[in-house]
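# Pasted the sequence and its predicted model underneath.
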Amino acid sequence: MGNRLSRIYTRTGDDGTTGLPGGGRVAKHDLRIEAFGTVDETSSAIALVLAEPSVPEGIRAVLLEVQNDLFEVGAELSMPEYDGVDAASVRRLEEALDALNASLPPLKEFVLPGGDRAAAACHLARTVCRRAERRAFELAGRDEVGPELLRYLNRLSDLLFVVARVLARRDGGSELLWRKKDAT
């Protein structure tokens, strides 16, 4: 990467625009900026999970790989000509998801966000990821967005849900289940 950022502030965004890596400037509230900004938020929310020392090494390795992938997703969203994630990226998520889900009982009720701090942080990361997915699909309605990128975000939110379940149940813990109002 070299010395790309010798100075952090540039003052060029003071007019409400930001530069795209491929060139050109757009409004800071442009849908493309919103999409890759929310992907960045997802990575930061995952960092909260990783900050918990109790997260098992296997899950930690998966989430660190995801953070790297999210930089690829962000790059692809900011530079449409860039191929950031591919079918192999989606398959890696599916394999991790299947492996983690195999140890869990089937769901009979909706799960409330909660558990220990790591599980709760993972639920937060999941919801931010869902927002990133919505923004990416909204952008795809206006501009071309790679189908594997959209699949990746969809699988990632599923993976984060399963990781949250695993973290909540470890060491004898339990998940919080929705107590539906009695319809009578």
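The structure has been received and is ready for your questions.
# what about the strands in this structure?
17-19, 25-27, 111-112, 176-177 (DSSP state E).
# Low-confidence regions, the protein specifically.
By pLDDT under 70, the low-scoring segments of the chain are 1-19, 26-28, 183-184.
# ok, which stretches of the chain are helices?
Applying DSSP state H to the chain gives helices spanning 31-50, 57-78, 87-101, 117-140, 147-169.
# For the closest residue in space to Val166 that isn't next to it in sequence, which residues are in contact?
Spatially, and ignoring its direct neighbours in sequence, Val166 is nearest to Leu100 (5.4 Å; C-beta to C-beta, 6 or more residues apart in numbering). (Each C-beta comes from the backbone N, C-alpha and C, glycine too.) The contact partners of Leu100, by C-beta atoms under 8 Å, 6 or more residues apart in numbering, come to Ile59, Leu159, Val162, Val163, Val166.
# Pick out whichever of these sits closest to Asp69.
Leu159 (10.9 Å; C-beta to C-beta).
# was I right about that closest one contacting Glu95?
No: using C-beta atoms under 8 Å, Leu159 makes no contact with Glu95, being 10.1 Å away.
# Look up how far Leu112 lies from Val73.
28 Å (C-beta to C-beta, to the nearest Å).
# Comparing those two, which residue is more hemmed in?
Of the pair Val73 and Leu112, Val73 is the one with more neighbours under other C-beta atoms under 10 Å, namely 28 against 13.
# OK, contacts around Asn154?
Glu133.
# How about Ala136?
Ala35, Val39, Leu77, Val145, Leu149, Leu150, Leu153.
# before we move on, what about Arg126?
Per C-beta under 8 Å, 6+ apart, neighbours of Arg126: Ser157, Leu160, Phe161, Ala164.
# same question, Ala164
Per C-beta under 8 Å, 6+ apart, neighbours of Ala164: Val111, Pro113, Gly115, Ala119, Ala120, Cys122, His123, Arg126.
# and with 10 Å instead?
By C-beta atoms under 10 Å, 6 or more residues apart in numbering, the contact set of Ala164 is 49, 111, 113-115, 118-126, 175.
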